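*Asks:* Give me a 3D structure for the following:
(2 chains)
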2 protein chains.
Amino acid sequence: MNIDSIKNGIVIDHIKAGKGMEIYKFLNLDAMECPVAIIKNAVSRRMGKKDIIKIDTTPDIDLRVLGYIDPDATINVIQDEKLVKKYHPGLPETIKDIIKCKNPRCITSTEQELPHIFKLTDKEKHIYRCVYCETQAK
Amino acid sequence: MNIDSIKNGIVIDHIKAGKGMEIYKFLNLDAMECPVAIIKNAVSRRMGKKDIIKIDTTPDIDLRVLGYIDPDATINVIQDEKLVKKYHPGLPETIKDIIKCKNPRCITSTEQELPHIFKLTDKEKHIYRCVYCETQAK
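*Replies:* Numbers count the residues shown, from 1 in each chain, chains lettered A, B, ... in the order given. Modelled structure (predicted):
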C-alpha cells in the first residue's frame, strides 16, 4: 500500500512501526487543513514494517524535534514534485516546550512562564534531563 | 494524494472530513498488525474534502456500526484486487456496547454485566436513546 507523490510537502519515511501516530499527535497534524496521510505497518524491505506520514504542505515546524521520537526516520522535503532535501533528524541536543517536567518540586511547576527545557545527557540510551532539576524525561 | 490499490481489504471512502480519526479510534485500528492508511482532507469533487481509510485485511468487525459515526461513508470491500461489495452503512437501528450510558442512575451503571444498548429514536436528528433509561446518547 503506497501513497502516490505529493507536489509540495514533506514525507516522513522509515518511521519505526507504531511511532507514526505519536508523530502525528506531536506535530498536531489533526489540526491541519491540508491533506495528510499516515500509513502504519507499511511493508519495508529494510525494516520489515514501517510507518509513513505525508503532509501536502510545508509545515512551519522545525522537524528536527522529531528526533526526540524517532531519530532514524527519514525526512524528505518535496518541492515541485522533486526531492530537494533528505535527512535524518538525529537526536536533538535540547528540546524546548515539547515535553513537560513531571517533578512536582521542579521550578517549572510553580514558575509557569518558564520554558520546559531538556538536555540530551546520554546519547546511547536517549536520555533527556530537565535543565532545572535534572529529572529524567519519560 | 491517493493511495494505490489493496489486494484484500476494506476502503472506507467519502468519510466526512474530520471524522476519519474518530473511525480509526472507533475500529481500534491502532491495534492492527496489517497495513492501515488514513488520509485526511483528501480532495473530493463531490464533498470538497473527505477522509479515507484503507485497511489491508478484511477486519472481523460489523462495519455497519460505522453508521453511527458517518452513515453516508462508502464501504468498499476488495477481494483479489476487485471491488466485490460497496455500500453505505446507514444509521443502525440499535447499537450495542459501542457507547455507554452516562446517566449515573441508569441500571447499567450498577448492573455492570448488562450490555449498553441504544435505539435510534429520531432518524432526522440522528438521536439515539438508552433502551433502559431513555437518556440521549452524546
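*Asks:* And chain B, is the longest helix along chain A touching that?
*Replies:* Scanning chain A for the longest helix, with DSSP state H as the assignment, gives helix A:20-26. Yes: Helix A:20-26 comes into contact with chain B (C-beta under 8 Å from any C-beta of the partner chain), by way of A:Met21. Bear in mind the C-beta positions are built from the backbone N, C-alpha and C, glycine included.
*Asks:* Remind me what that helix packs against, helices and strands.
*Replies:* Applying 3 or more C-beta pairs under 8 Å, 6 or more residues apart in numbering or on different chains; DSSP states H and E, one finds that helix A:20-26 contacts strand A:36-44, strand A:48-55.
*Asks:* hey, C-alpha coordinates of it in PDB?
*Replies:* Written as PDB, here are the backbone C-alpha positions of helix A:20-26 (Å, rounded to 0.1, in the frame of the first residue of the first chain):
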ATOM      1  CA  GLY A  20       3.600   7.200  13.300                       C
ATOM      2  CA  MET A  21       0.600   8.100  15.400                       C
ATOM      3  CA  GLU A  22       2.800   9.500  18.100                       C
ATOM      4  CA  ILE A  23       4.500  11.800  15.500                       C
ATOM      5  CA  TYR A  24       1.000  12.700  14.100                       C
ATOM      6  CA  LYS A  25      -0.100  13.900  17.500                       C
ATOM      7  CA  PHE A  26       3.200  15.500  18.300                       C
END
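*Asks:* Could you pull out the buried residues of that helix?
*Replies:* By neighbour count with 16 or more other C-beta atoms under 10 Å in any protein chain shown, helix A:20-26 contains the buried residues A:20-21, A:23-24, A:26.
*Asks:* still on that earlier bit, among the helices and strands packed on helix A:20-26, which is nearest chain B?
*Replies:* Distance to chain B, taken as C-beta to the nearest C-beta, is lowest for strand A:36-44 among the helices and strands packed on helix A:20-26, at 4.4 Å.
*Asks:* List phi and psi for the residue sitting nearest the centre point of chain A.
*Replies:* For chain A, A:Leu66 is the residue whose C-alpha lies nearest the centre (C-alpha atoms, centre = their mean; 2.1 Å). In terms of degrees, to the nearest 10, the main-chain angles of A:Leu66 are phi -60, psi -30.
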